[in-house]
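[1] got a predicted model here, sequence first, then my questions.
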Amino acid sequence: VGGVGFHPSHRGWEAADVARPLLLAPAGDDPAAVQPGGALAQPLADRFGGACAAVPFPEMLHGWMTRGPLADAAIERDYQRGMRLAVEWLGERMKA
């Protein structure tokens, strides 16, 4: 199926270590490597094609999905967007 990584940290692993497609959802302050076209995101996209994606959340800070205060309207908005994105992406992979 694959996996979803919100505000991903990739210390200790590289694209060659990944066996299934990933959906990367980096925050604005996450490293360039996990942003679209980055040193990790691009090799994954090249390897897995359309099954792999990097969808940035430029207004968010690392950790917003797990510890962002949902009382903040922007965090609530992107939290909801992120959850929809993850459910849709995983749903598509499970159909295959």
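    Ah, there it is.

[2] excluding covalently adjacent residues, which one is nearest to residue 93?
    In space, residue 93 comes closest to residue 1 once its chain neighbours are excluded; the distance is 4.6 Å by C-beta to C-beta, 6 or more residues apart in numbering. The C-beta positions use only the backbone N, C-alpha and C, and glycine is treated the same way.

[3] what residues of stretch 77-96 count as buried?
    Going by neighbour count (16 or more other C-beta atoms under 10 Å), the buried part of stretch 77-96 is 78, 79, 82, 85, 86, 89, 93.

[4] actually stretch 29-45, not the one I typed
    30, 33, 34, 35, 38, 40, 41, 42, 43, 44, 45.

[5] next: stretch 4-17.
    Across stretch 4-17, burial judged by 16+ other C-beta under 10 Å covers 4, 5, 6, 7, 8, 10, 15.

[6] first-to-last residue distance for stretch 63-71?
    15 Å (C-alpha to C-alpha, to the nearest Å).

[7] so what touches it?
    Stretch 63-71 is touched from outside by 6, 7, 25, 27, 57, 60, 61, 75, 76, 78, 79, 82, with contacts defined as C-beta atoms under 8 Å, 6 or more residues apart in numbering.

[8] just the ones of these in strands?
    6, 25 (DSSP state E).

[9] show me what contacts residue 14?
    residue 40 are the contacts of residue 14 under C-beta under 8 Å, 6+ apart.

[10] ok, now how distant is it from residue 86?
    23 Å (C-beta to C-beta, to the nearest Å).

[11] ok, now residue 68?
    From residue 68 to residue 86 the distance is 15 Å (C-beta to C-beta).

[12] and residue 37, by the same measure?
    For residue 37, the distance to residue 86 - C-beta to C-beta - is 21 Å.

[13] state the mean pLDDT of stretch 41-57.
    For stretch 41-57, the mean per-residue pLDDT is 94.

[14] name the residues of that stretch that are buried.
    Going by 16+ other C-beta under 10 Å, stretch 41-57 has these buried residues: 41, 42, 43, 44, 45, 48, 51, 52, 53, 54, 56, 57.
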